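Asker: Have a look; sequence and predicted model below, questions after that.
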Amino acid sequence: MKNKILIFFIVLSIFNLLNAQKQIVFKNDSVKQYLDKTLLLIHDNALNKNKIDWNALKVEAYEKTKDADHIQDALFIFPYLFEKIDDHHGWLTYNNKNYRWNKSRPKYTNETIKNAVKDNDKVYAALIDKNTGYIRIPGNNDFGAKKMDSIAENIVNEIDQINSNKIKGWIIDLRLNTGGNMYPMMAGISDLNGDQEKVGGFVTSDKKSEGEWILKNGTIYIDANQVLKRKKLKNSVKKQLPVAILISGYTASSGEMTAISFIGRKNTKVFGEESGGYTTTNQGFKIDENSGINLAVGYVVDRTGKVYVENIKPDVEITGGDNFKDLNKDKKIAVSAKWIKEMAKRQ
């Protein structure tokens, strides 16, 4: 008898919810159609889709947008929807304008980094203490994957300018890397990372593999699928040289993934401040001719299998002390260069 009553109340609840949806009348039916299409994409693909009460969320979204005259008038709902699915990495684009959830988080107060992002948008390489190679890789805007070859080639060219057999270790500076396309960045510095090995990958929310990042002879693969082959360095780099990775609160998205590809490598250490916290993988979906939606659909893992749900914590935390105008006065570079010297003596 109790089971029958329980089933009755479940059926009644679903019936009432469906009725509630039917009773919500939209001022413009095209708004409802647009909302339904995007909600379906979110329902089928969002990273946290199994944690959401979708019927309740749909009713709530209907109530908030039913009086919209046009689709544009209903777009205010999307930052709220991204918040409800706990996706601060995704966004909806409509007529080249983005709508996303600006997740509240502790304010990043490193003004030096903030200002340097604007002024240092090119790859830059230099020698530190004559025997330490330094390369700074900023973010890129190659979201359409149309510049992969040129971005990777640019990195290789910068390394070629300073590379020699006198170099005892490398500093890879990702403090100003706000993201973009990770593949040319990872391919460009692959000689400093490894060869014939897995350096990370993508996983679903239940930790199932969605593709491994593989480096082979300067070529990057996802599983067995070649993504990018770039030109070779003029002079080879010694294997397993010490590598220091510099990160900051502005190291985000693909910048974080580039850093993660080195974590777990022998003779490697991460210096600086905690990264930005955009370690989910995104996938884009077309809605119509005017718009599309990008959703967080998975996480990244390093070569050891560690999953990065939040951000990267440095092995050696160093707050402030950044100086991009005079690298010899940069505290993070000084500490990491000292570590490289110590490691080189042991080899």
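Answerer: Done, it's in.

Asker: isn't K168 right next to E342, touching?
Answerer: No. Look at K168 against E342 with C-beta atoms under 8 Å: they stay out of range, at 10.4 Å. All C-beta spots, glycine's among them, are computed from the backbone N, C-alpha and C.

Asker: Those two: who's more crowded?
Answerer: Neighbour totals were compared for K168 and E342, and K168 leads with 20 against 11 (other C-beta atoms under 10 Å).

Asker: Name the nearest residue to the more buried one, sequence neighbours excluded.
Answerer: Using C-beta to C-beta, 6 or more residues apart in numbering and skipping the chain neighbours, the partner closest in space to K168 is A344 (3.9 Å).

Asker: In a helix, that neighbour, correct?
Answerer: Yes. A344 sits within a helix when classified using DSSP: H, G, I helix; E, B strand; the rest coil.

Asker: Run through the residues that contact it.
Answerer: 131, 168-169, 241-242 (C-beta atoms under 8 Å, 6 or more residues apart in numbering).

Asker: Mind checking which residue lies nearest the centre of this structure?
Answerer: S253 (2.0 Å; C-alpha atoms, centre = their mean).

Asker: Domains in the chain, by residue range?
Answerer: The chain resolves into domains spanning 2-87, 111-346 when parsed by automatic domain parsing.

Asker: Nearest to N96, out of the ones you listed?
Answerer: Nearest to N96, of all the domains of the chain, is domain 111-346, at 9.0 Å by C-beta to C-beta.

Asker: Based on its surroundings, how many neighbours for G139?
Answerer: Residues near G139, counting by other C-beta under 10 Å: 23.

Asker: do the same with the one 3 residues further on
Answerer: By the criterion of other C-beta under 10 Å, D142 has 18 neighbours.

Asker: was I right about E158 contacting G133?
Answerer: No. Using C-beta under 8 Å, E158 is not in contact with G133; the gap is 10.0 Å.

Asker: Neighbour count: these two, which is higher?
Answerer: More crowded of E158 and G133, by other C-beta under 10 Å: G133, with 25 against 21.

Asker: in a strand, that's where that one is, yeah?
Answerer: Yes. Counting by three-state DSSP, G133 is part of a strand.

Asker: what's it in contact with, if anything?
Answerer: 125, 127, 159, 162-163, 167, 169-171.

Asker: and the residue nearest to K168, how far is that from V243?
Answerer: From A344 over to V243 the distance is 12 Å, taken as C-beta to C-beta, to the nearest Å.

Asker: Quickly list what's touching both of those two.
Answerer: G169.

Asker: Need the residues touching each of E158 and G133.
Answerer: Common contact partners of E158 and G133 (C-beta under 8 Å, 6+ apart): A125.
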